[in-house]
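Q: here's my sequence, what's the structure:
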Amino acid sequence: MATIALLPLTLLFFQQIAVLSPLANALAIPVVTLVVAPLAVGGLLLPAPLDGWAWRLGAWVQQGLDAVLRQMADWPLAQWHAAAPDGLTLALAALGARDTPCCTTPGRDRRRAWTPVAACCCRCCTAWACAISTAWW
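A: Coordinates of the predicted model:
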């Protein structure tokens, strides 16, 4: 969920989005959490002849995961690239984000300012729209 929520800012700052990152995370997080990390801790807790086996097995699983993730990174359209917005476009986007109805401060007009979260969302969406429109023009 965090990957999807940060897409507008990622696009704005890095001009690319890793399209396969949710799939890669869905694969990597359980493998590391359920296999690699317990084997590493087991290597710390086991006596001398067994600790090496646990670490070797953990390293072997990690190398296999690395190979799979590298193959995924080589898939066509694994990343989507966008053009970098120029300074004028960013300035206009900042002005638009400031004047968006849900982005006013709560003390000034309560009907237009829903929550600070909505204000942040509007700023992110405006930056995202700015980056997308720059990529299309």
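Q: low pLDDT regions in this structure?
A: Scanning the chain for pLDDT under 70 picks out 1, 3, 90, 93-94, 96-137.
Q: which helix of it spans the most residues?
A: Secondary structure assigned by DSSP state H gives helix 48-73 as the longest helix of the chain.
Q: which element follows that one toward the C-terminus?
A: strand 79-81 (DSSP states H and E).
Q: follow-up on the earlier one: on contacts alone, who are the packing partners of the longest helix of the chain?
A: Helices and strands touching helix 48-73, by 3 or more Cβ pairs under 8 Å, 6 or more residues apart in numbering; DSSP states H and E, are helix 21-31, helix 37-45. Using the backbone N, CA and C atoms, a C-beta is placed for each residue, glycine as well.
Q: pull out the buried residues from that helix.
A: For helix 48-73, the neighbour count (16 or more other Cβ atoms under 10 Å) marks 54, 55, 58, 62, 65, 69, 72 as buried.
Q: how near is the first one to residue 47?
A: Here the criterion is Cβ to Cβ, to the nearest Å. By it, residue 54 lies 11 Å from residue 47.
Q: in stretch 32-49, what's buried?
A: Neighbour-count burial for stretch 32-49, counted by 16+ other Cβ under 10 Å, picks out 32, 35, 36, 39, 42, 43.
Q: end to end, how far does that stretch reach?
A: 23 Å (Cα to Cα, to the nearest Å).
Q: how about stretch 9-28?
A: Termini of stretch 9-28 sit 23 Å apart (Cα to Cα).
Q: in that stretch, what's buried?
A: Within stretch 9-28, the residues that count as buried by 16+ other Cβ under 10 Å are 10, 11, 12, 15, 17, 18, 20, 21, 24, 28.
Q: got the angle for the helix or strand the third one falls within vs helix 21-31?
A: Okay, so that is residue 12. Secondary structure assignment for residue 12, by DSSP H and E: helix 7-14. When axes from the mean of the first three to the mean of the last three Cα atoms, to 10 degrees is applied, the directions of helix 7-14 and helix 21-31 differ by 100 degrees.
Q: before we move on, back to that, in a markdown table: the helices and strands packed on helix 48-73, plus distance to residue 87.
A: Shown next, in a markdown table, are those (distance: least, Cβ to Cβ, whole Å):
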| stretch | distance to residue 87 |
| --- | --- |
| helix 21-31 | 29 |
| helix 37-45 | 45 |
